[in-house]
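> the sequence and its predicted three-dimensional model are supplied below.
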Amino acid sequence: MTGGVMEVRRRTLAAARRSEGRYGPQGGRRSALAVWLARRDVQDGGLAGLIVLARIPANFGMPGALAFLLLATFYAVLRPEQVRAVFTRCWMFLVIPLFALASVGWSAFPMVTLRAAVQMALTIMAGLLLSQSSRPRVVVAGLFVAYAVYTLLTLALVPLRPIENGQSLALYGLGGEVKNYFSDTASTASLLALTMAALFAEQRAPLRMMLALGVTGLCVWTTVRANSAGGLAALAVSGALLVVLLLLRERSRGVKLAFVCMVVLWLIGILCFFDTILAHVQQMSEKDSGLTGRGYLWFRAHFIIAERPLLGYGYAAFWHAENPDAVGLWHHFDLRQESTGFSFHNTFLQTIVETGLVGLAVLLATWLAGCLALLRRFVLTASLPTCFWLAYMALQLTKTPVELIRPTGLVAPTILLGIALGFGCFPVGRDQAIALRVRRGPQSSASG
């Protein structure tokens, strides 16, 4: 009897070891590196960080884009079940790239729209693919490493530079990103670092928690040095929201549901009074009251929208060297490079100019669906990644009145927007299993 029990245990342990990749299919022992690389958490976290890191620096250019496409393709081949999940669970978010592709039919510059729409579709697909990883915490950890390393390297190596008006200094990205874009990178790193501090606290690892809190402080300081009023306001709002979400995530569903209702009203109020909030931030950061020319851009945008109100010029088709309206605005701001990545610095106006009121309705509907799905997950689970992705959506959405926040081709924020929107569709039951593993011990929480 005892011998039979021992034989069953031996077979069970052997099967478990083979499933972990310690032995090959023929029973031959693998190297320690092969075992480590075969781990699903290493693959998901490592590829998530590398995919995003390939698109954070502006000066990576075509090599960075190629690296991103190769890494994303490799991950799709590695995880065919997640590819299927994107089309079965996250299909609603594919409406954004599909509508952009459809706008080729009425675009003022069809080939420009086609190229930009294809790039955006590939980028948001990469994010949706990562959102269906069975190791959501590991994905967040991989993103933390990529964003924190890049932000801290910029803080250590890049000196402050005068901004356009020459009256103040700002920190630009290590890869040449303008201050507003780099502010988004540093803000995202701040939220990721705070989330990792909460993870380490849950795992009862005080030294790592203190290290993550120190990284959080440095990333917040980096955001301040980027001197973006909108970025600072958005980080303040999203950071406060993340802290409260982390504190409430283990509470009852009734308490969390009441808080969700308060958050919805709070965000609506912030959007309604964002100009007032931004004015206070501007005053503290000594920014000019004209928002560095945004007022004139918004004034001109209303006349441009009146020409094509329903469907617009086509996705990414307005800022083109052959468009006289775009050239006139470039000359007004004394921009010599007509290929510059310029915008109306307002998500809603830019979207209406390019894809009309119909395109704006599509964008807002998908954002609403994604946010509601994340809020539902927050109420039903104690998911740590859900808290982060809700805070990330708050970070982006609170900047929509003063920045262009929407899916764009081959940029890191679009990848993260795809993850945030898609993660709301990740099965709730898996978070319950993750929570149980966390309570049983810190080692089992790593993959959740």
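Yep, that arrived. Numbers count the residues shown, from 1 in each chain.
> could you use CA atoms for every contact and neighbour count after this?
Noted.
> could you point out which element follows the lengthiest helix in the chain?
Among the segments of the chain that qualify as a helix by DSSP state H, the longest is helix 347-380. Where DSSP states H and E defines the elements, the next helix or strand beyond helix 347-380 is helix 384-397.
> other SSEs contacting that next one?
If contacts are counted by 3 or more CA pairs under 8 Å, 6 or more residues apart in numbering; DSSP states H and E, helix 384-397 sits against helix 136-157, helix 179-202, helix 229-248, helix 347-380, helix 412-423.
> and the helix or strand where Val86 lies, what other elements does it pack with?
For Val86, the element it lies in under DSSP H and E is helix 80-89. Identification of packing neighbours for helix 80-89 by 3+ CA pairs under 8 Å, 6+ apart yields helix 110-131.
> how does it look with 10 Å?
helix 61-78, helix 110-131, helix 412-423 (3 or more CA pairs under 10 Å, 6 or more residues apart in numbering; DSSP states H and E).
> so Gly64 makes contact with Gly175?
No. Between Gly64 and Gly175 there is no contact under CA atoms under 10 Å: 11.3 Å.
> give me the common contacts of these two.
Between them, Gly64 and Gly175 share the neighbouring residues Ile56, Pro57, Ala58, with contact defined by CA atoms under 10 Å, 6 or more residues apart in numbering.
> okay, now the first one: neighbour count?
It refers to Ile56. The burial metric for Ile56, expressed as a neighbour count using other CA atoms under 10 Å, is 24.
> what backbone torsions are found at it?
Comment: the main-chain dihedrals of Ile56 come out as phi -80, psi -50, following degrees, to the nearest 10.
> switch the helices and strands packed on helix 80-89 over to JSON lines, and while doing so, append mean pLDDT and distance to Ala233 to every line.
Written out in JSON lines, the entries for those read as follows (pLDDT from 0 to 100; distance: least, CA to CA, whole Å):
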{"stretch": "helix 61-78", "mean pLDDT": "92", "distance to Ala233": "30"}
{"stretch": "helix 110-131", "mean pLDDT": "94", "distance to Ala233": "26"}
{"stretch": "helix 412-423", "mean pLDDT": "94", "distance to Ala233": "18"}
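> hang on, the earlier thing: tell me what angle the helix or strand that comes right after the helix holding Val86 forms with helix 110-131.
Moving toward the C-terminus from helix 80-89, the next helix or strand (DSSP H and E) is helix 95-102. Following axes from the mean of the first three to the mean of the last three CA atoms, to 10 degrees, one obtains 160 degrees for the angle between helix 95-102 and helix 110-131.
> just want the angle from helix 95-102 to helix 347-380.
Direction vectors for helix 95-102 and helix 347-380, defined by the same axes, to 10 degrees, enclose an angle of 150 degrees.
> now helix 95-102, how far from the centre of its chain.
Using CA atoms, centre = their mean, to the nearest Å, the distance from the centre of helix 95-102 to the centre of the chain it belongs to is 20 Å.
> and for stretch 88-95?
Averaged over its C-alpha atoms, stretch 88-95 has a centre that lies 17 Å from its chain's centre (CA atoms, centre = their mean).
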